[in-house]
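Participant: What shape does this take:
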Amino acid sequence: MKRLFALLLALTAVAVLCACGTEGGPVNTDDTTDGCTDTTEPATEPVTEPPAPKEKVVYVDGTNGNDENDALTPETAVATYEKAFSLLAEDRNRIVITNTVRPALDYSLPEYDGLVVFTSVFDGVDYMEQNGASLRVGYSFSFNCDVLFENIHIRSTGNVGNLCFNFHSVTVGDNVNVTNSASRKVVLVAGYNVKDVALNADGHMTAKQVSHKGDCTVTVNSGSWHAIIGGNFREGYNSPMGTFDGDLTVNIGGTAEVTSKAKADDIEGLGVAAAGHNISKGTVTLNISGGTFDCPVYAIGKVGRYYNFTSANGKTGTDGTQFGKDVRYEANVTVNVSGGTFTADAATKIAALQVPGDTALHGDYTLNVTGGTFKDGFVFSGFGVLGNTSANGVDAAKAQSFDSVNGTATAEAEPLRIACCGDSITFGTCAADAVKGGYTYAKENYFYPTAMQKLYGTEAVVGNFGYPGSNISTSYNRYLNSCVYASLVEFDPDIIVLALGTNNAALMPNGKNQMIINYRNMLKDMNKRFPDAKIIMTTALYRWDNPDRTKQVDQFIIPIQKQMADEFDFVYLYDAFTEYKPYGTATYYKDKLHPNNTGYQKLAEVMKKGVDQLLKDLEVKD
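Facilitator: Numbering: from 1, shown residues only. Next comes the predicted model:
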């Protein structure tokens, strides 16, 4: 019995072993997988990629930071931009603002050779939302490196803050929030914020310092900006005149907004200007692919005059001297519009020049429109350009002053170019800002050449070449040695309205002979430079505050002017003294020498009358 039981156990074991082979097959005794050898791969741990190295950034915290920290974490942030910049490297070029830094009102960042990214969102934390972090702009905030903004809040601490990039390339990426209100405005300036300095050799800014040779690209895809200027921002008449020599490109698109609400007839109004307050050579290109505009758009904004001697004290050229003498604007300018919304109240025009009489553009201007939404009455203008002008893709009825529209030559006559030359009365001294229809117009809109431009419309380009204090003096001719006169040369006038002599009254009678000599030299120089131009010499204006000076004008100055008109056949005498005499009252004068706004309007009408009379006389002679 025991043997039978043992036999059954053995048979059972054999059956179990056979089950390890293929079904119904014999037991495999070799080492193949058909046998009982376990072929299951041993369990292994899952393979995982090593984590990517975390981007090294520089944290800056104007509230809790400390410049002794390493800035590697929000808790060890530094406190100042100076320290933050000292920690930048090729693999560490992102500055994360976790709390607002409060730099000086007029502030310039350190130089850095490379791109720097500014943001307030990093590693899943939005410091704008968490701490109210922002990039704070005082009067001016200047960058000395290429810049990328993304996910950041920019705001001004005062009424207007200029965000300046000193001709380094800048990109305003996505989600850039710019505070833009009546009391807080930010202007994006591609170039320099140029100080208005006194006329002395020790001024801390020179023409060379605010000039640039090389290319620059500005791209704006978000933010609500007061204005965008693709060049320098000059504070005033004594700001040096820089030169940009290269290819300047300004791109505006995405959700960007420009909302200055400047009026198109305000010659000082800010909006969009591809080229700013400087001379430009090379090329200027404005590309608009999107965005919203509540302002005019100009290829070239108002450059402005600058008032200094070009031969006194060696202050000439842009080679390091203070003011510079480069006044020839010869860039070729192109505006390409493929998108954007131009339907707001102040969005009325895209023009080559903001102030045609201010900028003598010798290069070409090309406008290409392939998209965009424009309101009724919108205008495209090439008015005032000395080079060739062409517009493509626009309704011919909306195109003004182009040589060709959509490939077809136009029959528009070239506008007359009138240069108003003189002293502080021509310049506009004592004009004042004024409110009209709830809008504040700058005083420059009331200078008599500006008023004359509005009277002529597109029939003439009127330039203001007045220089305060000018006279035909006993030492040297202040006017001939001014940068204003150098600008006159580039303006290439057809008619010169020469209104000098009032400031010579105090030098009479002793200065009579020298005045005659200097007058002759000036007229000969003008005729040599502009042989085809006609010169209207206006008799010196009435001074109702000083009978003795008026007597000197009548007794000495006007007879000299009559003598000059008799000597030179290209000089035409116009009796502005008599024509303007009825307005010699407090109604029209500010200080009994310089007119007020109303008086300058009357002076514009008087001067236009003289120009029109000359044109009529010349027409009769022809």
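
Participant: Identify each of the helices in the stretch 451-600 of the chain and give its residue range.
Facilitator: 483-491, 512-529, 547-552, 558-567, 576-580, 597-621 (DSSP state H, counting those that start in this stretch).

Participant: what's around the residue nearest to residue 381 when sequence neighbours are not counted, how many residues?
Facilitator: Once flanking residues are discounted, residue 381 sits nearest to residue 351: 4.0 Å by Cβ to Cβ, 6 or more residues apart in numbering. To be clear about C-beta, it is placed using only N, CA and C from the backbone, and glycine gets the same treatment. Counted with other Cβ atoms under 10 Å, the neighbours of residue 351 add up to 26.

Participant: Report the contact partners of residue 351.
Facilitator: 264, 296, 297, 298, 299, 379, 380, 381, 382, 383 (Cβ atoms under 8 Å, 6 or more residues apart in numbering).

Participant: wait, isn't the fifth one in contact with residue 366?
Facilitator: No: using Cβ atoms under 8 Å, residue 299 is not in contact with residue 366, being 9.5 Å away.

Participant: Find the residues that touch each one of these two.
Facilitator: The contact lists of residue 299 and residue 366 share 333, 335, where a contact means Cβ under 8 Å, 6+ apart.

Participant: Bridging across strands, which residues link to residue 482?
Facilitator: residue 309 (DSSP bridges).

Participant: Rounded mean pLDDT for stretch 89-103, please.
Facilitator: Regarding stretch 89-103, the rounded mean pLDDT is 95.

Participant: quick one on the thing from earlier: for the helices of the stretch 451-600 of the chain, which one ends up most surrounded?
Facilitator: Among those, the stretch with the highest mean neighbour count (mean count of other Cβ atoms under 10 Å) is helix 483-491, at a mean of 21.

Participant: what does the average pLDDT come to for it?
Facilitator: According to the model, helix 483-491 has a mean pLDDT of 84.

Participant: That one packs against which elements?
Facilitator: strand 416-422, strand 460-466 (3 or more Cβ pairs under 8 Å, 6 or more residues apart in numbering; DSSP states H and E).

Participant: Please identify which of those is closest to residue 575.
Facilitator: strand 416-422 (15.8 Å; Cβ to Cβ).

Participant: quick one: that closest one to helix 483-491, angle?
Facilitator: In terms of direction (axes from the mean of the first three to the mean of the last three Cα atoms, to 10 degrees), strand 416-422 departs from helix 483-491 by 170 degrees.

Participant: name the helices or strands packed onto strand 416-422?
Facilitator: helix 448-456, strand 460-466, helix 483-491, strand 495-499, helix 597-621.

Participant: what does the average pLDDT come to for the fourth one?
Facilitator: Strand 495-499 shows a mean pLDDT of 97 in the predicted model.

Participant: Could you do the last one as well?
Facilitator: Helix 597-621 carries an average pLDDT of 92.

Participant: what's the offset of it from the middle of its chain?
Facilitator: 34 Å (Cα atoms, centre = their mean, to the nearest Å).

Participant: by how many degrees do that helix and strand 495-499 diverge?
Facilitator: Going by the same axes, to 10 degrees, helix 597-621 makes 130 degrees with strand 495-499.

Participant: Show me which of residue 299 and residue 366 is the more surrounded one.
Facilitator: residue 299 (31 against 21).
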